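Chemist: can you look at this prediction? I've put the sequence above it.
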2 protein chains.
Amino acid sequence: MPTIKDVAKYAGLSRTTVSRVINDQPYVSDEKRQCVLKAMEELGYVPNSSARRLRSQKTETLAVLLPRITNPFFSHLIEAMEIKASQWGYQVIICQTHESEQKEQDYLELLRTKQVDGVIMTAVHNDWEVIESYRECGPIVVCNENIEEAQVPFIYVNQEEAAYDATMHLIQQGCKNISFLSGDDDSNVSAYRRSGFLKALQESSLPFLPNASYANAIDVNSGREIFRELRRLNHPIDGVFTGSDEVAAGMIYEAIKEGVRVPEDMSIIGFDNQSISMLMSPSITTVEQPVQDMGEKCVEVLIDQIEHKHRSVREDHVFEHELKVRNSTFQEIALVNS
Amino acid sequence: MPTIKDVAKYAGLSRTTVSRVINDQPYVSDEKRQCVLKAMEELGYVPNSSARRLRSQKTETLAVLLPRITNPFFSHLIEAMEIKASQWGYQVIICQTHESEQKEQDYLELLRTKQVDGVIMTAVHNDWEVIESYRECGPIVVCNENIEEAQVPFIYVNQEEAAYDATMHLIQQGCKNISFLSGDDDSNVSAYRRSGFLKALQESSLPFLPNASYANAIDVNSGREIFRELRRLNHPIDGVFTGSDEVAAGMIYEAIKEGVRVPEDMSIIGFDNQSISMLMSPSITTVEQPVQDMGEKCVEVLIDQIEHKHRSVREDHVFEHELKVRNSTFQEIALVNS
């Protein structure tokens, strides 16, 4: 591979001049610039990106931390982020934490070691003071969470209101014994959803059923298992807030196998309006989050901080959720799904 | 942020000695090494990764090129790759090509500019001679394709045999007018599948129906559209090879809406054994590829080439596919799906 030295020799110019052209710096005549570019092309010289990056102190790379890419909510979010980032000339590294506090910290080290220019966290597993210590190394934007004490940009929907709306819908359909599922009991999202869930129960004078409350409801298989566990309870359950379309789909799959009618015997509500929620029979009532808009906003806010080298204080970008009523909670009429 | 100079001053040693310790080089006494490490720790010095990488000429980063991350086949493949890579201390950059030849080349430039140590391509959109020109810049491994003239490692299932088996299954169920769908008419996977499909028809003396053949069958929505187009044909179709569980799910969704019975009026077969194939009613007969094993093998082969700085000649790692018979093609008995 040719080096800067080779280019300089070929062009009959100094290495400083060649270096100035490569780094797009001033004080080089157009004639010399053309001469260097021609030499680079003829020798097939390509600037080493590590060297260029070392000089510019930029990697043009963003890291997105997420629990797991196989959750369609995250793959759609990533897709929107990646398209937006690539329009700005940035690459996206995807880092799966699998909800591990240690892995989350390992990936945040990418900021400290200057391997990325900024980080988007789509979930937060460590205490905020741990995250905070990485902020001096580069900008962090948080998506899909809302941590009150943190002074960074947050992009999210109001999970408390979303869970409240979903639970009120179950109650309006006549559910009185409602199970609450969540993906990760320690997460902020789960805490807000639980709070909205409890608020709806309280306003309707319905009891919270701790025995029918499960964490780790994350995918189709956990939905199937939890359905079987719910059936073993003495207490009959007539409604489930799942927090996930995949969990809801797994529950409906088991319900059909067991001859439990959805929604007549049990109403089940999902979250995220993934394609599975439309495709299941019965189709799944769910809460839509504007994933694409949220993903794009994260990248915009982060790149703005990187390019203008500023750290914002607290910034809230709250997006609207929407309840999509389908057949897993509502049997009155045949609904046409779009 | 402290620099090497600061560390040297604090430790009372030369910058050369500090640099040797950082880069794990010999000729430093244990005593001095301890002294430098202590100074680094007390000052909070972190080696700049671009600098370290520039020295080692390694980025410890792999790029995985894929059409779209929202296809669950790819998100599961990526998950397996990312877990394996992280065990070896490598990061994974995910690059979505959206089937664009230009984007594919843009991402291959990552090799030339030394931003990644190696590339895994999970689809190939350019002619191989274009790809070949990037090989001098670093190792390339191809997953999910088999390009005869290419001298790189290939990890794949035999798509021709898989499509043959799936089509023979449709024929054994009594289908006589079978539609062939594919995701990308230009891709090698599509060509092999088409060849297996044609072979099964030929052996069974059945005609190929060019009017009932569609490319761009990539997701639920395209499955829905193609179903509606098939219904507008004068020729009644009683079997569909979709090449995708999501496409099959979209078709079944429309079939139910239109009162077309699956499999009685039309048998539909998917591909990949994604969770949607088990969850749909009727459940979807499909072809399983061992995604996790394939993803892990790709990373193993690539890292082996990176770490031992060798470029293999042709290498074939062929994995077995498996036909999963479910209700979208088979109505005789109630099948229990696992």
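Modeler: That came in fine, so what should we check first? Numbers count the residues shown, from 1 in each chain, chains lettered A, B, ... in the order given.

Chemist: burial measure for A:Val141, as a count.
Modeler: By other CB atoms under 10 Å in any protein chain shown, the residues close to A:Val141 number 27. Quick note: C-beta positions are derived from backbone N, CA and C, even for glycine.

Chemist: got the CA coordinates for the helix or strand containing it in CSV?
Modeler: A:Val141 is located in strand A:140-143, with elements delineated by DSSP states H and E. The C-alpha coordinates for strand A:140-143 follow below in CSV (Å, rounded to 0.1, in the frame of the first residue of the first chain):
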residue,chain,number,x,y,z
ILE,A,140,-25.2,10.4,25.6
VAL,A,141,-28.9,10.4,24.5
VAL,A,142,-31.5,8.2,26.0
CYS,A,143,-34.4,6.8,24.1
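
Chemist: next, the residue lying closest to A:Gly12 once chain neighbours are set aside: phi, psi?
Modeler: Take A:Gly12 and drop its neighbours on the chain: the residue closest to it by CB to CB, 6 or more residues apart in numbering or on different chains is A:Cys35, 7.7 Å away. Main-chain torsions, A:Cys35, degrees, to the nearest 10: phi -60, psi -40.

Chemist: from A:Glu42, how far off is A:Cys35?
Modeler: 11 Å (CB to CB, to the nearest Å).

Chemist: more neighbours: which of these two?
Modeler: Just comparing A:Cys35 and A:Glu42: by other CB under 10 Å the higher neighbour count belongs to A:Cys35, 20 against 12.

Chemist: counting neighbours, what do you get for the closest residue to A:Ile284 other than its chain neighbours?
Modeler: Nearest non-adjacent residue to A:Ile284, counting by CB to CB, 6+ apart: A:Ser277, 3.8 Å away. Summarising burial for A:Ser277: neighbours were counted as other CB under 10 Å, giving 26.

Chemist: does A:Ser277 sit in a helix, a strand or a coil?
Modeler: Look at A:Ser277: counting by DSSP: H, G, I helix; E, B strand; the rest coil, its state is helix.

Chemist: for the residue positioned nearest the centre of chain A, what are its contacts?
Modeler: The residue lying closest to the centre of chain A (CA atoms, centre = their mean) is A:Thr122, at 3.8 Å. Contacts of A:Thr122 were listed using CB atoms under 8 Å, 6 or more residues apart in numbering or on different chains, and they are A:64-67, A:74, A:77, A:142-145.

Chemist: now do A:Gln159
Modeler: A:146, A:189, A:192-193, A:196.

Chemist: with A:Met251 instead?
Modeler: A:Met251 neighbours (CB under 8 Å, 6+ apart): A:223-224, A:226-227, A:240, A:242, A:268.

Chemist: go with 6 Å
Modeler: Contact analysis of A:Met251 by CB atoms under 6 Å, 6 or more residues apart in numbering or on different chains lists A:223, A:227, A:268.

Chemist: with A:His321 instead?
Modeler: A:157, A:162, A:287, A:289.

Chemist: what about the second one, how many neighbours?
Modeler: Looking back up the chat, that one is A:Ala162. Residues near A:Ala162, counting by other CB under 10 Å: 23.

Chemist: and it, how far from B:Arg135?
Modeler: 50 Å.

Chemist: for chain A, what spans make up the helices?
Modeler: For chain A, the helices defined by DSSP state H cover A:4-11, A:15-22, A:30-43, A:49-56, A:72-87, A:101-112, A:128-132, A:159-172, A:188-203, A:220-232, A:245-258, A:275-279, A:291-307.

Chemist: pick out the shakiest of those, pLDDT-wise.
Modeler: If the helices of chain A are sorted by mean pLDDT, helix A:49-56 sits at the bottom with a mean of 58.

Chemist: so what's the nearest residue to A:Arg193 once chain neighbours are set aside up against?
Modeler: The spatial neighbour of A:Arg193 that comes closest, neighbours along the chain excluded (CB to CB, 6+ apart), is A:Ala163 at 3.8 Å. For A:Ala163, the contacting residues are A:193, A:196-197, by CB under 6 Å, 6+ apart.

Chemist: cool, and A:Pro263?
Modeler: A:328-329, A:331.

Chemist: those residues, buried ones only, as a ChimeraX selection?
Modeler: Entered in ChimeraX, the line below selects the buried ones among the contacts of A:Pro263, by 16 or more other CB atoms under 10 Å in any protein chain shown:
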select /A:328,329
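
Chemist: dump the contacts of A:Pro263 to CSV, plus pLDDT and distance to chain B.
Modeler: Below are the contacts of A:Pro263 laid out as CSV (pLDDT from 0 to 100; distance: CB to the nearest CB, whole Å):
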residue, pLDDT, distance to chain B
A:Ser328, 97, 13
A:Thr329, 97, 18
A:Gln331, 74, 17
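
Chemist: quick one: which of the contacts of A:Pro263 is nearest B:Ala217?
Modeler: For those, the residue nearest B:Ala217 by CB to CB is A:Ser328; the value is 27.9 Å.
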